[in-house]
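Asker: Give me a model of this one.
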Amino acid sequence: AVFDGVIREKPADEEEAREFLQSYRNSSVEIVTSLAVTNTNTQEQVSGTERATVRWGDIPEANIDNAVAEGRIMSSAGAFIVRDPLLSPYVDGIDGNEDCVIGMPMTLLRRLMNEIGAEEESENGGGGMRAGAKAQSKK
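Answerer: Numbering: from 1, shown residues only. I've put the predicted structure just below:
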């Protein structure tokens, strides 16, 4: 997650998680996900990046306290999960693909697999397709 030009990884502790969520009130957070796909038959590799922006409303302090106490957000970059029932009512919108925000950006993955012919090999029984994916946040 990128907020005000600063990369935010998983929060170090509850205090940092609370600070992250408080700072998102009526603001936006950018998510940057990068993937690399390798065709193990040809060793050809392609990569790509997808971005999405989460627009937040005014997250109540009680919801922030409860989200931190429940702990689910502690394992997420930027200390949020857009589908968390305590936070989702305050997501004003997502600009870009939601799958970039919640996990694997499938549109990007399919495009990269097509670029190296991985889907064709898999469909023809080649079995030589493998996708290696790494998600990371960057400016």
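Asker: Next, the buried residues of stretch 35-44.
Answerer: By 16 or more other C-beta atoms under 10 Å, the buried positions in stretch 35-44 come out as 35, 37, 38, 39, 40. C-beta here means a position set from N, CA and C on the backbone, and glycine is covered the same way.
Asker: Run the chain-centre distance for it.
Answerer: 22 Å (C-alpha atoms, centre = their mean, to the nearest Å).
Asker: Give me the mean pLDDT for that stretch.
Answerer: For stretch 35-44, mean pLDDT is 90.
Asker: what about that stretch, start to end distance?
Answerer: Stretch 35-44 has its terminal residues 14 Å apart, counting by C-alpha to C-alpha, to the nearest Å.
Asker: Would you indicate which residues of the helix or strand where residue 113 lies are buried?
Answerer: Counting by DSSP states H and E, the element that carries residue 113 is helix 106-115. The neighbour-count check on helix 106-115 (16+ other C-beta under 10 Å) flags 108, 109, 112, 113 as buried.
Asker: So for the second one, what's the nearest residue that isn't a sequence neighbour?
Answerer: Same thing as residue 109. Closest residue in space to residue 109, ignoring its immediate chain neighbours: residue 35 at 6.0 Å, by C-beta to C-beta, 6 or more residues apart in numbering.
Asker: Surely that neighbour is in a strand?
Answerer: Yes. Counting by DSSP: H, G, I helix; E, B strand; the rest coil, residue 35 is part of a strand.
Asker: Check whether it really touches residue 107, as I assumed.
Answerer: No. Using C-beta atoms under 8 Å, residue 35 makes no contact with residue 107, being 10.7 Å away.
Asker: okay, and the common contacts of these two?
Answerer: Residues touching both residue 35 and residue 107 by C-beta atoms under 8 Å, 6 or more residues apart in numbering: residue 50.
Asker: can you tell me which residue is nearest the centre of this protein?
Answerer: residue 101 (3.6 Å; C-alpha atoms, centre = their mean).
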